[in-house]
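Novice: What follows is a predicted protein model with its sequence.
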Amino acid sequence: MTTDTTTRQSASGIARPEIKPTGLLRQSLAITRRNLIHIKRMPEMLMDVTIQPVMFVLLFAYVFGGSIAVKGSPAGYREWLMGGIMGQTIAFASFIVAVGLTADIDKGIVDRMRSLPINPSAVLVGRSISSLLHSSIGILVMSVTGLFVGWRIRGSFAEAVLAYALLLLWGFAMIWIGILVGSAMRSVEAVNGLMFTTMFPITFLANTFAPTDNMPHFLRVIAEWNPISSLVQAVRQLWGNDLPVPADAALPLHHPIITTLIWTVGLTLVMAPLAIRAFAKRTEG
Amino acid sequence: MTSPAIEAEHLVKKFGDTTAVDDVSFSVPEGSVLGLLGPNGAGKTTTVRMMTTLAKPTSGTARVAGHDVLREPDAVRRSMGLTGQAATVDELLTGRENLRLIGSLYGLSGSYVKSAGADLLERFSLTEAADRTVKTYSGGMRRRLDLAVSLIATPPVLFLDEPTTGLDPRSRVELWEVLRGLVKDGTTLLLTTQYLEEADQLADRIVVIDRGQIIAEGTPLELKDRSGKASLVLTVSRAEDLQTAADMLRQRVSEVHVDEAARQLTAPAEGLRDMTRIAAVFEDSSIELDDLGLKRPSLDDVFLHLTGHRAEEPTETEQEQAS
């Protein structure tokens, strides 16, 4: 310890400053801070969680809203839609992590950080914290937009908080997918291509924008077992924006909250080791 | 002075069937400069990555400031700075913010980073640009900032991977000056380069690496001596003296090459002693000389001699990979 914590004079006569061993938290926060400066310098980075979902809310609420009949929800389709858009926005947290990580690996920033006396996980933790903050800004913007188009929370305060917590928990599980994709892909363009062609179908093939009961049978099965549907259904229930679940709906929709919890834990358990291995393989080669 | 600042011991790195680095060993005494010279794809970057804990050697090890890269990676990271091949500073941060980020990751106090950072910015002529985002910097400015960032914790050992690649000649010479200053202050430097001139200018010792293997090692002078003899170049003032001069020279050396147009004679020479001997011969004669000098082979010649190909040419394996 003494050699590390005191100013020392090497044999060559270079006076060295005090290097304090720092913890993972402080290191991660330094990296988070840097990522947030990026957002400050390039606010257009937030378009994916602000303008894009707001546009979706407005398009779906007013263009399709008239044709998609949702009976029973107090404020109709617009209120019902909000849970879906929120679910889609938080699923895209994986996209944000992947793009940021690939860019940093590609530019050599990750190598530079790994050459410093820090916990190698700090790069990933910092990236994850800033991505979750990024997504949270989106959830906040969505909530405000929702209030303008007539969305209301009709459940209790505790249930409302639980809904937001479920969204964040889902975002946490998505981070691992983001790290996996970000480590495996060689360029930001490749990440964009892969994520657009997978995340859009996955988030649309669910109960996000239209109820599943009217879908053709095989699509309906897929949509109802889609974990996004459980998340969206859970959030709608907790906010009191849900419709009665049809008796013939798949099992997850009858127990959406517990299903969502199982999915997040399961996804994390499977994806985290894969993601960490992919990151190590990519960076240590 | 007891142990070398940098030591590589039988470093090997394999990627699948390809051996990128094949049994590389060398050591760098404290306060000196080692140039790792080789063409693109020779294994320079992989060697540096292993020595800076970024990549695990397939076998062998390395020590930096006495710390083993495998057993004490954190101590190694505390003792060295690395400037990678591309300037790895953050484009969206200002110069000052880049210093602050790396300083705080090193665990330096905020006040220290502030004052040391300001000194470094001043030293590298970046004070005016300190609060602009790096996006607006020129290539040379980025490289200087990159170096400043690597120096924030005053590491005793510095690894520079092709520090001047892509720089214009003026920025290159400026960066050389900065590096000489660091060495004068006691920093040990390992730099990789494909520029023979750069190794010649900066390095105390040169390790020539080609296709993952060390093919030569020594001071720039030793390498030049090793690969071919020096030659004596003599220019006579009057063209009519050329033949007489050539005959005089032939009596003393084995072989003389005559270039009539340039009034020049070239002969192999062992070194300075040969030159003074020949100079004395002509001083006693009536032949006037414009010039008499000893021409040592350039490092370019050395490289050609050692590898059979020029330093800037890609190696065969690389051409195969590219096609």
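Specialist: On my side now, so go ahead.
Novice: What's the separation between the most centrally placed residue in chain A and A:Val99?
Specialist: Averaging the C-alpha coordinates of chain A gives a centre point, and the residue nearest to it by CA atoms, centre = their mean is A:Ala93 (2.5 Å). A:Ala93 is 11 Å from A:Val99, where distance means CB to CB, to the nearest Å. Using the backbone N, CA and C atoms, a C-beta is placed for each residue, glycine as well.
Novice: just A:Gly150 next, same as before
Specialist: Counting by CB to CB - A:Gly150 and A:Val99 are separated by 33 Å.
Novice: Those two: which is more packed in?
Specialist: Set A:Gly150 next to A:Val99 and count neighbours by other CB atoms under 10 Å in any protein chain shown: A:Val99 wins out with 21 against 14.
Novice: Look up phi and psi at that one.
Specialist: As for A:Val99, its main-chain torsions (degrees, to the nearest 10) stand at phi -60, psi -50.
Novice: Now do the helices in the stretch 51-200 of chain B.
Specialist: In the stretch 51-200 of chain B, the helices defined using DSSP state H, counting those that start in this stretch lie at B:73-79, B:95-106, B:110-123, B:139-150, B:169-184, B:196-202.
Novice: Which residues of the stretch 1-150 of chain A lie near chain B?
Specialist: Residues of the stretch 1-150 of chain A found near chain B (CB under 8 Å from any CB of the partner chain) are A:4, A:10-22, A:26-27, A:30-31, A:33-34, A:37-38, A:41-42, A:107-109, A:111-118, A:122.
Novice: 6 Å instead, please
Specialist: A:10, A:12-14, A:16-17, A:19-20, A:22, A:27, A:30, A:34, A:37-38, A:41, A:108-109, A:111-112, A:114-118 (CB under 6 Å from any CB of the partner chain).
Novice: Of the residues you listed, which belong to helices?
Specialist: A:27, A:30, A:34, A:37-38, A:41, A:109, A:111-112, A:114 (DSSP state H).
Novice: Just the buried subset of these, written out for PyMOL, thanks.
Specialist: Here is the PyMOL command that selects only those of those that count as buried (16 or more other CB atoms under 10 Å in any protein chain shown):
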select buried, chain A and resi 27+30+34+37+38+109+111+112+114
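Novice: Which pair of the ones in helices among the residues of the stretch 1-150 of chain A next to chain B spans the longest distance?
Specialist: Taking CB to CB as the measure, those span a maximum distance of 24.0 Å, between A:Arg41 and A:Arg114.
Novice: Tell me where the model's unsure across the stretch 51-200 of chain A.
Specialist: A:69-75 (pLDDT under 70).
Novice: So, low pLDDT: which residues of the stretch 201-323 of chain B?
Specialist: Using pLDDT under 70, the stretch 201-323 of chain B drops low at B:227-229, B:308-323.
Novice: And the strands in it?
Specialist: Along the stretch 201-323 of chain B, counting by DSSP state E, counting those that start in this stretch, strands occupy B:205-210, B:213-218, B:230-236, B:257-259, B:264-269, B:289-295.
Novice: can you redo those strands as TSV with distance to B:Leu145 and mean neighbour count?
Specialist: Below are the strands of the stretch 201-323 of chain B laid out as TSV (distance: least, CB to CB, whole Å; neighbours: other CB atoms under 10 Å in any protein chain shown):
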stretch	distance to B:Leu145	mean neighbour count
strand B:205-210	28	24
strand B:213-218	33	17
strand B:230-236	42	20
strand B:257-259	49	13
strand B:264-269	47	19
strand B:289-295	40	14
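Novice: and of the ones you listed, who's closest to chain A?
Specialist: strand B:205-210 (17.1 Å; CB to the nearest CB).
Novice: who does that closest one touch, helix- and strand-wise?
Specialist: strand B:33-37, strand B:213-218 (3 or more CB pairs under 6 Å, 6 or more residues apart in numbering or on different chains; DSSP states H and E).
Novice: Nearest to B:Glu283, out of those?
Specialist: Of the helices and strands packed on strand B:205-210, nearest to B:Glu283 by CB to CB is strand B:213-218, at 34.5 Å.
Novice: tell me the angle the closest one makes with strand B:205-210.
Specialist: Relative orientation of strand B:213-218 and strand B:205-210, computed by axes from the mean of the first three to the mean of the last three CA atoms, to 10 degrees: 160 degrees.
Novice: Now tell me what touches strand B:213-218 from outside.
Specialist: B:22, B:24, B:207-208, B:223, B:306 (CB atoms under 6 Å, 6 or more residues apart in numbering or on different chains).
Novice: The residues you listed: which two are farthest apart?
Specialist: Once CB to CB is applied, those give B:Asp22 and B:Leu223 as the farthest pair, at 20.4 Å.
Novice: Which residue of those two possesses the greater neighbour count?
Specialist: B:Leu223 (26 against 17).
Novice: And for the more buried one, nearest residue in space, chain neighbours not counted?
Specialist: Of all residues not flanking B:Leu223 in the chain, B:Val302 sits nearest, at 5.0 Å (CB to CB, 6 or more residues apart in numbering or on different chains).
Novice: Distance of that neighbour relative to chain A?
Specialist: Applying CB to the nearest CB, to the nearest Å, the value for B:Val302 to chain A is 30 Å.
Novice: Could you report the neighbour count for that residue?
Specialist: Here the count is done by other CB under 10 Å, and B:Val302 has 27 residues near it.
Novice: That one reaches B:Leu221, doesn't it?
Specialist: No. Shown here, B:Val302 and B:Leu221 do not form a contact pair, counting by CB atoms under 6 Å, at 10.7 Å.
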